[in-house]
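A.B. asks: Fold the following and give me the result.
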Amino acid sequence: MNNLPNSLAHKRILIGISGGIAAYKIPELVRRLKDLGADVRCVMTQGAHAFITPLTLQAVSGNPVHHDLLDPAAEAAMGHIELAKWADLIMIAPASASVLAQLAHGHASDLLSTLVLATTAPIYVAPAMNQQMWANPAVQANCQRLQTYGIHIVAPASGAQACGDVGAGRMPEPLELRDCIVQHFAGNHQLLASKSILITAGPTREAIDPVRYLSNHSSGKMGFALATAAQQLGAQVTLVSGPVQLPTPPGVTRIDVVSAQDMYEAVLAQVEQADIFIGCAAVADYRPEQIADSKIKKHQDTMHLSLVKNPDILATVAHQPNPPFTIGFAAETDDVVRYAQDKLEQKRLRLIAANDVSDTQIGFNSDDNAMQLLWQDEQGQLQQLSLNRASKLQIATQLLQHAATLMK
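C.D. replies: Sure, this is the predicted structure:
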């Protein structure tokens, strides 16, 4: 992020740590916050003690660590009510499923949950848990409830987990959590307030017969990261997704589709209400002209498919009489910038994000990304901005911040 030095000077940040393996990352978060001038205090749940010691957190924060609700020594100095008043912002990271349930239902069974009830400070929660737990409807319902209370949910990242599973549920990295706090005090948490954003994500599947289809390797991670970032920046977000194995980001309205035609119809039904449209989905360019009613048998050595063009969702939206601010994606394997420029001009886009999917570190299914943003200025001159490799959530936030600047 830009202009970071001392950007948190004199800010009082309270970090709540619950039981989870990701607790080992919190000293790095504390250190990064202090590097920007913040005064940091830590509160631990009983479960957090199994993963990290109070002494470690005290050493990096320079302040005593709080963990007991009824601590006579703490009451004499900074009791739970005073601590709740002291904080300019509270971030709970990692937030276990148990802590999410406590907060969602107003329990005050330990110091951390009591502080949340007693504070008027903004609260950020970074869930971290097994991917199946994160996808559980009860956990998702608790997150939705917390958002109705005004609590900000920092969506977990996807990837390999300590238990061996792979999926959404990992706590974002310390730098991402730090940037959430920086953005809050910079006012960026409301950068897209009152804006309605429509996003497409994932692949489409074009049926050949009842059991086979044409598709691509898109995981949907970039589109879901954009939906998460847009929601965190204050927008009302509708996500039209092809078939993916990703949980719906908290606070986002999701519409599931299968084919390009399904996605086209879903987008046209929603686009009139959108201020911004982001076509991030990897939509199939062609579909079989005919779909067999039953499974095609292997009777011949060769098979020929006749394909027809799918509707161009991005161009259709950009050519509306009063189009939203339309952002496209160009996933290319060579001549990335040239192809993206052609797409920008031919489809009349306001902004395009070009990335090289031949690079496995930032291509399909990866957790990171890097891209070139291209747009035309008021004089019609081509402009470019490089977004260096970072997590897809960080890239999504940077892209949306730049789009907000162009819209002004």
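A.B. asks: show me where the stretch 251-400 of the chain has helices.
C.D. replies: 260-270, 313-318, 336-346, 392-407 (DSSP state H, counting those that start in this stretch).
A.B. asks: Reformat these as TSV; add mean pLDDT.
C.D. replies: Output for those, formatted as TSV (pLDDT from 0 to 100):
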stretch	mean pLDDT
helix 260-270	98
helix 313-318	97
helix 336-346	91
helix 392-407	91
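A.B. asks: Compare those helices and give me the one nearest N188.
C.D. replies: Among these, helix 392-407 comes nearest to N188, with 6.8 Å by CB to CB. Any C-beta I mention is one placed from the backbone N, CA and C, and that applies to glycine too.
A.B. asks: For the closest one, give me every contacting residue.
C.D. replies: The contact list for helix 392-407 (CB atoms under 8 Å, 6 or more residues apart in numbering) reads 155, 157, 172, 176, 179, 183, 188, 191-192, 221-222, 225-226, 228-230, 232-233, 276, 325, 327, 350-351, 353, 367-371, 373, 375, 385, 387, 390.
A.B. asks: Buried ones in it, by neighbour count?
C.D. replies: By 16 or more other CB atoms under 10 Å, the buried positions in helix 392-407 come out as 392-404.
A.B. asks: tell me which strands and helices the helix or strand harbouring V99 is in contact with?
C.D. replies: Applying DSSP states H and E as the criterion places V99 in helix 97-104. Secondary structure elements in contact with helix 97-104, counted by 3 or more CB pairs under 8 Å, 6 or more residues apart in numbering; DSSP states H and E, are helix 111-118, strand 123-127, helix 137-148.
A.B. asks: what's the last one packed up against?
C.D. replies: Applying 3+ CB pairs under 8 Å, 6+ apart, one finds that helix 137-148 contacts helix 97-104, strand 123-127, strand 152-153.
A.B. asks: Show the end-to-end separation of stretch 57-67, please.
C.D. replies: Start and end residues of stretch 57-67 are separated by 12 Å (CA to CA, to the nearest Å).
A.B. asks: So how do I select the buried members of the contacts of helix 392-407 in ChimeraX?
C.D. replies: To isolate the buried ones among those in ChimeraX, judged by 16+ other CB under 10 Å, type:
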select :155,157,172,176,179,183,188,191,192,221,222,225,226,228,229,230,232,233,276,325,327,350,351,353,367,368,369,371,373,375,387,390
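A.B. asks: how does the protein divide into domains?
C.D. replies: 12-186, 196-407 (automatic domain parsing).
A.B. asks: what's the following helix or strand after the helix or strand of the chain with the lowest mean pLDDT?
C.D. replies: Lowest by mean pLDDT, DSSP states H and E among the helices and strands of the chain is helix 72-77, with a mean of 52. Once helix 72-77 ends, the next helix or strand along the chain (criterion: DSSP H and E) is helix 80-86.
A.B. asks: any idea of the mean pLDDT in that following helix?
C.D. replies: For helix 80-86, mean pLDDT rounds to 84.
A.B. asks: can you list contacts of it?
C.D. replies: With CB under 8 Å, 6+ apart, helix 80-86 has contacts from 12, 14, 41, 43, 66, 69, 74, 78, 111, 114-115, 118-121.
A.B. asks: Listing partners with orientation, what would you give for the helix or strand following that helix?
C.D. replies: Per DSSP H and E, helix 80-86 leads on to strand 89-95 as the next helix or strand towards the C-terminus. Strands that pair with strand 89-95, judged by DSSP bridges, come out as strand 12-17 (parallel), strand 123-127 (parallel).
A.B. asks: could these be laid out in CSV, adding mean neighbour count and distance to Q320?
C.D. replies: CSV is the format used below for the strands paired with strand 89-95 (neighbours: other CB atoms under 10 Å; distance: least, CB to CB, whole Å):
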stretch, mean neighbour count, distance to Q320
strand 12-17, 26, 44
strand 123-127, 25, 37
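A.B. asks: Can you name the residues bridging to R287?
C.D. replies: Here R287, judged by DSSP bridges, has bridge partners V308.
A.B. asks: Just give me the neighbour total for it.
C.D. replies: When neighbours are counted by other CB atoms under 10 Å, R287 registers 23.
A.B. asks: separation between it and D367?
C.D. replies: 30 Å (CB to CB, to the nearest Å).
A.B. asks: ok so, going back, can you lay out the domains of the chain as CSV showing distance to N6?
C.D. replies: Below are the domains of the chain laid out as CSV (distance: least, CB to CB, whole Å):
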stretch, distance to N6
domain 12-186, 4
domain 196-407, 20
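A.B. asks: that older thread, give me the buried subset of the contacts of helix 80-86.
C.D. replies: So, by 16+ other CB under 10 Å, the buried ones in those are 12, 14, 41, 43, 66, 69, 74, 78, 111, 114-115, 119, 121.
A.B. asks: Of all pairs in these, which one spans the longest distance?
C.D. replies: R12 and L69 (20.5 Å).
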